[in-house]
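Colleague: what follows is a predicted protein model with its sequence.
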Amino acid sequence: MPGLGASFGRGGATSDLQDLGNADVIVIQGSNMAECHPVGFQWVMEAKARGTKVIHIDPRFTRTSALADTYVPIRTGTDIVLLGAIINRVLTQERDFREYVLAYTNASWLVSEDFQGTEDLDGLFSGFDSETRSYDTKSWQYAGAEHHGDEQEETADSQESESGHSLGAGGAAVDHESIQRDDTLQDPRTVWQVMKRHFARYTPEMVQEVCGIPTDLFDEIAEAWISNSGREKTGVLVYSVGWTQRGTGVQYIRAGAILQLLLGNMGRPGGGVMALRGHASIQGSTDIPTLYNLLPGYLQMPHAERHRSLAEYIDSIKGANQKGFWGNADAYTISLLKAYFGDAATAENDYLFDAMPKINGDHGTYGQVMDMIEGGKIFGYFLLGQNPAVGSANGRAQRLGMANLDWMVVRDLVMIESATFWKDAPEVETGEIVPEECRTEVFFLPAASHVEKEGTFTQTQRLLQWREKAVEAPGDCTSELWFFYHLGRRMREKLAGSTDPRDRLLLDVAWDYPVHGEKQEPSSEDVLREINGYDRSTGDLLPGYTALKADGSTSSGCWIYSGVYADDVNQAARRKPGREQSLHAHEWGWAWPMNRRVLYNRASADPDGKPWSERKALVWWDEAQGRWVGDDIPDFEATKAPSYRPPKGATGVEAIAGDDPFIMQSDGKGWLYAPKGVVDGPLPAHYEPAESPFRNTVYTQQQNPARELYTNHLNEVHPSPPERGSDVFPFVWVTSRLTEHHTAGGMSRYLPYLAELQPALFMEVSPELAAQQGLEHLGWAHVITARAVVEARVMVTDRLAPLRIQDRVVHQIWMPYHWGGGGGLTTGDVVNDLAHLTLDPNVHIQEFKAGTCDVQPGRRPRGGEVLDLIDAYRVRGAVTMSSGAVAVTAELLDPQGKSRVEQAMAGATGTGTGHSAAEMEKVLSVRHDVRSRPGQPQQNGVDPAVLDAHPDTSLEGN
Amino acid sequence: MGVRTFIEGWPVYRQLTGDDPLGRGAAAQSKKSKSLTPRTAEADSVAKSICPYCAVGCGQRVYVKDGRVTQIEGDPDSPHSRGRLCPKGSASEQLVNGPQRMTQVKYRAPYATEWSDLDLETAMEMIVDRTIEARRRGWQDADDQGNKLNRTMGIASLGGATLDNEENYLIKKLFTAMGAIQVENQARI
Ligand code: SF4
């Protein structure tokens, strides 16, 4: 989560669930915690019983709202306006925790004179290039460090940002010694003054106009948050996928982080940012990633142009003259290469770094789907407990992509829609997939369940918990550990003796895992030990990441997890009952890093090392013992005194001063202003969602200019003002989860209890909308976008209040997204089919939480008539491959001779990865019916006549 | 049966005289339910586990009898879940034992309209061959500037967020070693 990573240094929840009980105010925004994290919510309730004020901000009145003290309805997609207005109040009324802010944030740092913000450029920051749809971040740097822009933006050949996600364990690089500061905060170039100008237009009146929140309610939230923060009190911010599944999700998190830093709530009991991860091991699957741009421990995947040697790779992470624990990036990297390649990795061969595969673009899951649709690039696809036919955005694109593969391996507990698309996808009904013509070969391999294998999950508070194996897996069911171990073993056997350099890494990889039992299962404990790491000379397990060395004498499969097997004990398997321990329960499981439960807890003490207040004491400096002590393991070097100042020229760990609590940050401070690490702006700015019925009232710029698009006729975006046609899709739809179901339903729709508890897909609409559209409670209705039509039962409820925005009323429609039509005890249309693929440029996460639509009573049409209906809407709404796709709104309004199509095609908006403009031309020039022809779903393109349907009258008012 | 036993067997009597005046517990207990023992008491073994659904990570106790999971309960020892499970965690016994559970390898040949059976060994061999072949076909040695790529674009993978760290570790390790970079998971979705 780069939003957190860029602000504080690590991309994980900063505290544990129990700590919610210490808060004086709990603000839940972008999360329906009572519904989605129900058992964790007990800590909110416990706090409330003790008098903590609980505020819930959400488009819909939910189970969480029902239990909050204050519920604040908000128009989806406008959270930055609300947070910005609270930040503005803190800044202008000087309500910040000033000593904390001066000591622990970059408020007093000076920003480059070249920097221009959204006030100067009407919604853009300096450095934007609409040809590449990306920012050159040089001008965002601190004064004196202008040459240190993010590398990938310097090359600026695309909007891609493979390093965006990599801030999970450390902030971005910056030269700490060149920093200039003004502690009076008066210099107009201080971060403080830059922020003050930036947020000046975020006023309570703006909140009312954009979010639909009345000013008195705004006052209540702002005052509750501000007055419950400071020396004696702390507040916590809770968010979840309501914030992350956005075209600007990272900036939402940044806005929350800024506020929490200004109020002095970070690193302190009852404070922090509680990022609720969605599923059992989402945190784990970014820590030890199965993500294209990361290696374990948030090390970047090597990049073809930027990392041509190991030295270049390590330098790019360490940075020049940078503070903090990334200074030891060489030890982390080389220890990983030793864990991967064992004895074959030596100092002489640069630990095989050169032979590693390299990335050079966006190779993310949505880019892959576009490549599948196009065909001829991706031949085989592994689905491991994942059901993209239902769970991913724009399910139609997903299914048509899968129908165009050579083969797939689907590993799951049940027969999911992604395994059976060739016979029962909605596209079979429309004729776009014909089973007899679909060549994809599918292997379905049943998987072992969570009780049939042992291993660790990392849950939302960075806590690794070990599961014991209860029983053997039945029949052919196997674990992923089994599958991948044996896949690798067999491949290596077949390729043994190969002298092809392409096979070298596969033959050199350390792959001798002893197996046991009838099924020949490798041992998860062995793997966890490898992850923890060894001293390779003694064979001893390492005590933690500080023991890692850069000389090849240690190995560790994931440096941030080093310590999980300290003392040859599986620390994640510890289960000392919570009631026999203090609140943070350090002997239950193991949290990264180093079992610390509250991150940045050095900040719970003042610069001299004393608690800010008795009430909020957590970790403090004990002069007599000469070390940090308290109720948590210090997130700081245990014996580094508060008075420590680094010698001149120090870098890395040595350069962390005794009052630098953010030890992963390159300057040791929390970042109010992020000169690096966030590719779409150093400060959060409000843009309307990629599809919105409203014109942005904050700036001329309508959408996030750096948003990532996939231009494909299967993925057309509705126009938003000022483009014409948005009135055809006048409503806003939002999706989220139900307690009783789980993601794409594979683990819930098939279970009798859960299917009975939530037996059907439904949509919630307000009584006003029901009256306006003629929808009947418990009757059917269908929602229409340019991508899909989805029918559901209607639930008329006050939970979705219409909001007055600008001077009209907006209706929001809410639907849960767990249903699919292929299997399970309850089936329904795939709600995610409605979504378009517009991604956050930092993390490539899709926008699920706001889109425009129409809704009509009754069931949807069947068969090919579905496509006719969609086409009718596309024509009426002027939806084309270029609608909603222009980067800079000012250029749309004043095109200076450039057609909208040309503007829309600028930058990396190709179908899939790495398309040049010439290739795009090819895709676009293919003549097609609007509707894909049956049996040839893989064909791309669209009739140019439709593409240019309204070339000159595309703006409102024309 | 003596008179006394008879009267004591009468729920109203027990409700009035016993320590269950609301008649919701012992007073209302039938002979049948009295003779029942919970599945948890009969278990041969109890495995300490974690709920596989959401990121709260509630502690679970998995009760096993005769090699079969008979019950899954919340683990009261867990400091953050304190014994509670929500409907999903409580239903997870069905996740393991439910009728939906697939236990056989299935194979859909190109252009086939139905599944057929395949044994695991054959399936693994076929997958290995296809992986090697797709890897080769999608191989890229270098970009057009001559920078090394050492990779294959012929293979992609999407993993769920319910996999163990150890599994994710092996997945990334193997794909990296074979040059397959297009490895993704639900954290992105
Ligand atoms: S029991 Fe419910 S709240 Fe607990 S981990 Fe499972 S799904 Fe989450």
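Modeller: Thanks, I have the structure now. Residues are numbered from 1 along each chain as shown, chains lettered A, B, ... in the order given.

Colleague: which residues sit in contact with A:Gly278?
Modeller: Residues near A:Gly278 by Cβ atoms under 8 Å, 6 or more residues apart in numbering or on different chains: A:36, A:240-241, A:743, B:54-55, B:161, B:186. For every residue, glycine as well, the C-beta is placed using N, CA and C.

Colleague: look up the pLDDT of it for me, please.
Modeller: Here, the pLDDT recorded for A:Gly278 equals 82.

Colleague: cool, and A:Glu119?
Modeller: So, for A:Glu119, pLDDT stands at 96.

Colleague: can you list the low-confidence ranges for chain B?
Modeller: Applying pLDDT under 70 to chain B flags the ranges B:1-2, B:187-189.

Colleague: near the ligand too, which of the contacts of A:Gly278?
Modeller: With Cβ under 6 Å from any ligand atom as the criterion, the contacts of A:Gly278 include B:Cys54 near the ligand.

Colleague: now render the contacts of A:Gly278 as TSV, adding secondary structure.
Modeller: Shown next, in TSV, are those (DSSP: H, G, I helix; E, B strand; the rest coil):
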residue	secondary structure
A:Cys36	helix
A:Ser240	coil
A:Val241	helix
A:Thr743	coil
B:Cys54	strand
B:Ala55	coil
B:Ala161	coil
B:Gln186	helix
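
Colleague: quick check on the contacts of A:Gly278: which are buried?
Modeller: A:36, A:240-241, A:743, B:54-55, B:161, B:186 (16 or more other Cβ atoms under 10 Å in any protein chain shown).

Colleague: pull out the buried positions in the longest helix seen in chain B.
Modeller: When chain B is parsed with DSSP state H, its longest helix is helix B:120-137. Across helix B:120-137, burial judged by 16+ other Cβ under 10 Å covers B:120, B:123-124, B:126-128, B:130-132, B:134-135, B:137.

Colleague: please parse the chain into its domains.
Modeller: No chain was given, so I picked chain A. A:2-275, A:708-949 (automatic domain parsing).

Colleague: my question was about chain B, not that one.
Modeller: Domain assignment of chain B by automatic domain parsing yields the ranges B:3-35, B:39-97, B:102-132, B:138-189.

Colleague: correct me, but A:Arg804 touches A:Gly212?
Modeller: Yes. Between A:Arg804 and A:Gly212 there is a contact under Cβ atoms under 8 Å: 5.9 Å.

Colleague: one step back: nearest to A:Ala49, of the contacts of A:Gly278?
Modeller: A:Cys36 (21.5 Å; Cβ to Cβ).

Colleague: circling back: and the longest helix of chain B, what does it pack onto?
Modeller: Secondary-structure packing of helix B:120-137 (3 or more Cβ pairs under 8 Å, 6 or more residues apart in numbering or on different chains; DSSP states H and E): strand A:380-384, strand A:407-412, strand A:441-446, helix A:480-495, strand B:148-159.

Colleague: mind checking the ones you listed for the one nearest to the ligand?
Modeller: strand A:407-412 (18.3 Å; Cβ to the nearest ligand atom).

Colleague: only alpha carbons, please: show the closest one as PDB.
Modeller: C-alpha atoms of strand A:407-412 as PDB (Å, rounded to 0.1, in the frame of the first residue of the first chain):
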ATOM      1  CA  TRP A 407      -4.700 -23.900 -21.700                       C
ATOM      2  CA  MET A 408      -5.600 -23.200 -18.100                       C
ATOM      3  CA  VAL A 409      -4.900 -24.800 -14.800                       C
ATOM      4  CA  VAL A 410      -7.600 -24.000 -12.300                       C
ATOM      5  CA  ARG A 411      -6.900 -25.000  -8.700                       C
ATOM      6  CA  ASP A 412      -9.800 -24.500  -6.300                       C
END
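
Colleague: beyond it, next helix or strand please.
Modeller: Next helix or strand after strand A:407-412 toward the C-terminus (DSSP states H and E): helix A:417-424.

Colleague: for the helix or strand encompassing A:Ala66, buried residues please.
Modeller: A:Ala66 belongs to helix A:63-67 when assigned by DSSP H and E. For helix A:63-67, a neighbour-count test (16+ other Cβ under 10 Å) marks A:63-65, A:67 as buried.

Colleague: same question, stretch A:789-803
Modeller: A:789-797, A:799-803.

Colleague: do the same with stretch A:32-45
Modeller: By 16+ other Cβ under 10 Å, the buried positions in stretch A:32-45 come out as A:32-44.

Colleague: just the ones of the residues you listed in strands?
Modeller: Among these, DSSP state E puts none in strands.

Colleague: can you add pLDDT and give the residues you listed back as a markdown table?
Modeller: Shown next, in a markdown table, are the buried residues of stretch A:32-45 (pLDDT from 0 to 100):
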| residue | pLDDT |
| --- | --- |
| A:Asn32 | 92 |
| A:Met33 | 95 |
| A:Ala34 | 95 |
| A:Glu35 | 93 |
| A:Cys36 | 93 |
| A:His37 | 95 |
| A:Pro38 | 96 |
| A:Val39 | 97 |
| A:Gly40 | 96 |
| A:Phe41 | 97 |
| A:Gln42 | 97 |
| A:Trp43 | 97 |
| A:Val44 | 97 |
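
Colleague: just the closest of those to A:Trp620, please.
Modeller: Using Cβ to Cβ, those come closest to A:Trp620 at A:Trp43, 24.5 Å.

Colleague: how far does stretch A:423-437 stretch from start to finish?
Modeller: 11 Å (Cα to Cα, to the nearest Å).

Colleague: what does stretch B:81-88 give?
Modeller: First-to-last distance for stretch B:81-88 - Cα to Cα - comes to 14 Å.

Colleague: that older thread, can you tell me which of the domains of chain B is most buried?
Modeller: Greatest average neighbour count among the domains of chain B goes to domain B:138-189 (a mean of 24), per mean count of other Cβ atoms under 10 Å in any protein chain shown.

Colleague: and that domain, how far from the chain's centre?
Modeller: On the basis of Cα atoms, centre = their mean, to the nearest Å, domain B:138-189 is displaced by 26 Å from the centre of the chain it belongs to.

Colleague: what does stretch A:343-352 give?
Modeller: 34 Å.

Colleague: residues in contact with it: which ones?
Modeller: Contacts of stretch A:343-352 (Cβ under 8 Å, 6+ apart): A:309-310, A:334, A:337-338, A:340-341, A:505, A:508, A:510, A:551-552.

Colleague: how about 10 Å then?
Modeller: Here stretch A:343-352 makes contact (Cβ atoms under 10 Å, 6 or more residues apart in numbering or on different chains) with A:309-311, A:313, A:333-342, A:353, A:355-356, A:504-505, A:507-510, A:536, A:550-552, A:555, B:177.

Colleague: if you look at the residues you listed, which of them are in helices?
Modeller: Among these, the ones falling in helices (DSSP H) are A:310-311, A:313, A:333-341, A:504-505, A:507-508, B:177.
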